[in-house]
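[1] Output the structure for:
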Amino acid sequence: MSLSPAFAKVSVALLSWNGRRHLETCLEALEEQDDPGVDWEILVLDNGSTDGTADWLRAEILPHGSRRSRVRLIASPVNLGFCAGNNRLVAESAGDAVAFLNNDTRPRRGWLKALVAALAAAPPDVAAVSGKIIDWEGTCLDFGRGVMTFDGHAFQLDFRRPLATARVPAAGEELLFACGGNMLIRRASFLAAGGFDEEYFAYLEDVDLGWRLWSGGERITFVPDAVVHHRSSATSDLLGLYNRGFLFERNAFLTAYKNYEAGLWERIMPALLLTLVSRTQALLVEHNPGGATLILDPYAGHIANTAPGKGPAPTPYPAAASLPPAWTWNGFKMRWRGYGPLDFLRRGARKLFGASAAPSSQPVPETPRLTDERTIAQLRALSWLLGNLDHAAARRAAVQKRRKRSDREIFARFPLYVVPTYPGDHILFAGSGFQAWLPEDLPIIRKTLDEIMSLGG
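    Residues are numbered from 1 along each chain as shown. I've put the predicted structure just below:
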């Protein structure tokens, strides 16, 4: 295979954070790669690891063998994150194109050759090609195509479904975004688009990059023969489930805010913000002690001594018998606040004079306490966004300045999805109030989560 002089070398970028055991397998598989037809190198960034990765590479990999001599080590004393770490690798690379590969993968022998051949043969407006990711055993799909929701979240279509039934794109089929764990991109295109947004740290950075490439006039296509086996979440699990929740929410909002074109952003923003608020409220109410008091209407007969309204019945609360005794200070305060002054005095009078009237049916609400880590992650994401509005606006301006293709054209190819995922989503998305806030001319596909991916494991 002969390539043009402008495409003479490829750099394989490997990021590793405490992943020495994964690197051993990954580098061995890279050592067995078929000749891709171009000069190539392997760059490994040890991202502040504490498992001896850098020392192992220096002792066992770098000095040995002609093929292993293509490995270069770049060491960072701290964890830069996925985005800044890969940007560092691109800056250090000598290739005209960069192949991003997760360290917890095992690429098949023809992986790099397939990526190189596809990108070399593609028209100049194809900035990147994306390979197929399957599970470690080779039976289920990990990534073939991704879909994006209206609010900037994304899913791997048919994730963990058997390969025999999973929807896998054909060779050369267009994708909205390539997976950051198996893609080859022209270095010039990556840099011109701004690379990965380093504020993301990790997650959804490839969705954001894909949208920027498309709006900048370029395209992304699929290479089914570029296959890697993946130990799903082997590295991301180290971040912790709830810390990842912070990244998902913050990065999804940033992706939507930066990339929606003017005119469409202002129309989709109310639905996006309503969704963010609804999810935060649902987490507060459903997963924190006393959270149900947050949906209490104080003027519906519970606090302000008013008659119950005609609206929805208030959420039931624990029986008064479970409260501290009335003669204790805590018991007194909880009853005073819960019953309201008038009902509290009535109850006291009945006890004092032996009245036989039925006690009030209104129980005492529990004081809300924030204990759920998912809720905390959600609130942290909101706090970050509020504290970084000006900078996010500047990033948006930079993205829109280089736009050459409209969102109308992009979404005609890749419709947006509405997928109930978080607590409360099913009720919110089915409501006429929410639907009234979605732009009528925006292509929308409605799916349940189990229609998008396997929920079995």
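
[2] so what secondary structure elements neighbour the top strand by length along the chain?
    Taking residue count as the measure and DSSP state E as the definition, the longest strand of the chain comes out as strand 219-230. With contacts defined as 3 or more Cβ pairs under 8 Å, 6 or more residues apart in numbering; DSSP states H and E, strand 219-230 has these neighbours: strand 97-102, strand 105-107, helix 111-121, strand 126-135, strand 182-186, helix 205-215. In this view, the C-beta of every residue, glycine as well, is placed from N, C-alpha and C.

[3] So for Val38, which of these sits nearest?
    Taking Cβ to Cβ as the measure, the helices and strands packed on strand 219-230 were each checked against Val38, and helix 111-121 came out nearest at 6.0 Å.

[4] now the angle between strand 182-186 and the closest one, please.
    For helix 111-121 against strand 182-186, the angle between stretch directions is 30 degrees (axes from the mean of the first three to the mean of the last three Cα atoms, to 10 degrees).

[5] who touches helix 111-121?
    Contacts to helix 111-121, defined as Cβ atoms under 8 Å, 6 or more residues apart in numbering, come from residues 1, 3-4, 7, 10, 12, 30, 33-38, 40, 97, 99, 126, 128-129, 131, 171-172, 182-184, 186, 221, 223, 225-228.

[6] relative orientation of that helix and strand 126-135 in degrees?
    Angle, helix 111-121 to strand 126-135, by the same axes, to 10 degrees: 160 degrees.

[7] just how off-centre is helix 111-121 within its chain?
    In terms of Cα atoms, centre = their mean, to the nearest Å, the gap separating the centre of helix 111-121 from the centre of its chain is 28 Å.

[8] what's the answer for stretch 376-396, then?
    Taking Cα atoms, centre = their mean, the mean C-alpha location of stretch 376-396 is offset from the chain mean by 15 Å.

[9] Now do the same for the residue most central in space within the chain: helix, strand or coil?
    With the centre of the chain defined as its mean C-alpha position, the nearest residue by Cα atoms, centre = their mean is Phe248, 3.5 Å away. Per DSSP: H, G, I helix; E, B strand; the rest coil, the secondary structure class of Phe248 is helix.

[10] Tell me who's in contact with it.
    Applying Cβ under 8 Å, 6+ apart, the residues near Phe248 are His153, Tyr203, Leu204.

[11] okay but the last one is in contact with Ala256, surely?
    Translated: Leu204. No. Using Cβ atoms under 8 Å, Leu204 makes no contact with Ala256, being 10.2 Å away.

[12] Could you name every residue contacting both of the two?
    Looking at what touches both Leu204 and Ala256 (by Cβ under 8 Å, 6+ apart), the common residues are Gly152.

[13] quick one on the thing from earlier: what's the offset of the longest strand of the chain from the middle of its chain?
    Averaged over its C-alpha atoms, strand 219-230 has a centre that lies 21 Å from its chain's centre (Cα atoms, centre = their mean).

[14] What of stretch 371-379?
    The gap between where stretch 371-379 is centred and where its chain is centred comes out at 16 Å by Cα atoms, centre = their mean.

[15] Name the residues of that stretch that are buried.
    Going by neighbour count (16 or more other Cβ atoms under 10 Å), the buried part of stretch 371-379 is Asp372, Arg374, Thr375, Ile376, Ala377, Gln378, Leu379.

[16] now it: mean pLDDT?
    Mean pLDDT, computed over stretch 371-379, is 95.

[17] Buried residues of the longest strand of the chain, list them for me.
    For strand 219-230, burial by neighbour count (16+ other Cβ under 10 Å) applies to Arg219, Ile220, Thr221, Phe222, Val223, Pro224, Ala226, Val227, Val228, His229, His230.

[18] Which secondary structure element of this protein has the lowest mean pLDDT?
    Of all regular secondary-structure elements in the chain, judged by mean pLDDT, DSSP states H and E, the least confident is helix 329-339 with a mean of 47.

[19] so where's the chain uncertain?
    By pLDDT under 70, the low-scoring segments of the chain are 1-6, 63-69, 233-241, 301-365, 457.
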